[in-house]
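*Asks:* mind folding the following:
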Amino acid sequence: MKPAPAETAPQSLMAQDDAASALVTYIFSGVIGSPKDKGVSYSLFKATDSTLSWIAALEEEDGTGQPIDRYRVDIDRLSRKIQTPMPISLSEVELSEAVLAATGHHLKVFSRFTDGALSISYKVSIEEDPDIQYIVQLRHHGNVTSMNLLMSWISSSINPSILPLPDVYPIPGEEQRQKTTGMGRQISRLMPGPMANSVYPRMSHEEKLIFVRNMALAFRACWRIPLPKERLIGELCAVQDGNCVVLTVGPDRHYSLGGPFDSVRDYLRAYIYSSLDALKRQQGIDEYKERFLQRVTDFVEGGMHNIPIIVEDVPIVAMHSDMGPHNVILSPTTPTDIMAIIDWEFVASAPYASLHQVIEMLFREPASNGFGADYAHADELRNTFWGAIPEWKKWNESEATRLFLEWFRFGLFMKAEWRPDGLDEEEKEAYWKENVRVVEGLLRKYGSAHRAS
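*Replies:* Next up, the predicted model:
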């Protein structure tokens, strides 16, 4: 008689973090091109019980701004097998049909265009008018139908000289197509002019002052968008209700925090927990982790009760969560004037002060560590920004905002960026200086109270 076969334990499903690590190694192997002097960018596109689907690309470390070839890579969670990468693109036929359905115009020529971080873009010229060009973007983040509704509502409701947006042209049936494929196509009018992030660092101080004031007014216009009566923190979505556009608040998608949250403290706790998770996953910062990971973990697991109740006073507002210079198109003739604010994938109902890093881009030089040195006369730039919106200047100087930022910046700077090789000792110390200052500052202030309890 044959012995009964030994039972084997069921194989566990591959975790998202393990899949991400395997994906990066796979892309660095050269499967989609030479990785020399490039980094891997990736984002989770779709997750099921059986498959994790990713969007991945190799990007130049110096950020040339050229269109990037992006690929869909599926990983079987049970077998852990990585499927052959599939290029993500729109064909001429797909572009032609979409443009005709949305605008009534016929495609003449098209070319790849500078991509956003979360889109694949094409520039389209039409037969009917040589002066009209469209941008067609294939988006794997952001609900295109909601984006179109919100952008159209803003254009019709807010002074376009203060908060200008490109016209958008909904594609019939696109909502269902995005639900089916996971990717949505958005068509907008091409706005001529340079991106602010390529011009602003080279502006004179006087020009910077003008631009900073214009940006302050644009932020205030966003913050005045009426929100639902219930005070919630999360993704801001637009839906059509008859002839009206209705705004709703759903779970946070920018940082994948969950929610929606009815408490600023709960939002901060979720943000800090998410930052700790990112710190644990971050590779190439072993020296930083040796110094901080265990200390930060111990504090986060037992010290979140220290967040003061006064942070609940910080105003919750509507916001474009990524409204930095990289998403601002300037006038080609008057480069301090805003021509359009683009890429509305992430729109939120959130504490206004959570835009701290985005606003600070106006006062700091670009830097690979995410936090560059102050521009010359940065204090005057800050005073001009907040002075242009005095009601918000009061909030920015309030105790509620100060304490909110103390905890928010703890989450923001908890995860250090990868530090390049070849730096001398002074450069090494400077690279993580702000991370160390912020994290040490909060641990010293609240860590002793946590240990005492």
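*Asks:* any low-confidence regions in this protein?
*Replies:* Applying pLDDT under 70 to the chain flags the ranges 1-11, 61-65, 116-117, 448-453.
*Asks:* for it, just list every one of the helices.
*Replies:* All helices of the chain, identified by DSSP state H, fall at 16-28, 92-103, 144-157, 174-181, 196-199, 205-223, 264-281, 286-303, 356-360, 378-387, 390-396, 399-414, 425-431, 433-452.
*Asks:* list the contacts of Leu442.
*Replies:* Glu406, Trp407, Phe410 (Cβ atoms under 8 Å, 6 or more residues apart in numbering). Where you see a C-beta, it was placed from the backbone N, CA and C, and this is true even at glycine.
*Asks:* these, buried ones only, as a ChimeraX selection?
*Replies:* Selection of buried members from the contacts of Leu442 for ChimeraX, criterion 16 or more other Cβ atoms under 10 Å:
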select :406,407,410
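*Asks:* which member of the contacts of Leu442 is positioned nearest Leu44?
*Replies:* Nearest to Leu44 among the contacts of Leu442: Phe410, at 25.6 Å, using Cβ to Cβ.
*Asks:* with adjacent residues omitted, what lies nearest to that closest one?
*Replies:* The shortest distance from Phe410 to any non-neighbouring residue, by Cβ to Cβ, 6 or more residues apart in numbering, is to Leu442 (4.5 Å).
*Asks:* if I look at the one you found, how far off is Thr336?
*Replies:* 37 Å (Cβ to Cβ, to the nearest Å).
*Asks:* could you give the number of residues near Asp69?
*Replies:* Here the number of neighbours of Asp69 (other Cβ atoms under 10 Å) works out to 15.
*Asks:* wait, I meant Thr84
*Replies:* 8.
*Asks:* please report how far it lies from Gly182.
*Replies:* For Thr84, the distance to Gly182 - Cβ to Cβ - is 18 Å.
*Asks:* may I see the domains of the chain written out as residue ranges?
*Replies:* 16-86, 92-190, 198-452 (automatic domain parsing).
*Asks:* how far away from the center of its chain is the last one?
*Replies:* Shown here is domain 198-452, whose average C-alpha point lies 11 Å from the average C-alpha point of the whole chain (Cα atoms, centre = their mean, to the nearest Å).
*Asks:* about what we covered before: turn the contacts of Leu442 into a markdown table, columns for distance to Ile55.
*Replies:* Below are the contacts of Leu442 laid out as a markdown table (distance: Cβ to Cβ, whole Å):
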| residue | distance to Ile55 |
| --- | --- |
| Glu406 | 35 |
| Trp407 | 32 |
| Phe410 | 30 |
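*Asks:* which of the contacts of Leu442 lies closest to Ile88?
*Replies:* When the contacts of Leu442 are compared for distance to Ile88 (Cβ to Cβ), Phe410 wins out at 36.6 Å.
*Asks:* ok, that closest one - contacts?
*Replies:* Ile272, Ser275, Val438, Val439, Leu442.
*Asks:* now Ser146
*Replies:* For Ser146, the contact set (Cβ under 8 Å, 6+ apart) comprises Cys237, Ala238, Val239, Val347.
*Asks:* what subset of the residues you listed is buried?
*Replies:* Buried among these (16+ other Cβ under 10 Å): Cys237, Ala238, Val347.
*Asks:* from the residues you listed, which single one is nearest Ala98?
*Replies:* Out of those, the member with the shortest distance to Ala98 (by Cβ to Cβ) is Ala238, at 21.0 Å.
*Asks:* just to check, the closest one is in contact with Cys244?
*Replies:* No: between Ala238 and Cys244 there is no contact under Cβ atoms under 8 Å: 10.3 Å.
*Asks:* surely Ile171 and Leu95 touch.
*Replies:* No: Ile171 lies out of contact with Leu95 (Cβ under 8 Å); the separation is 11.0 Å.
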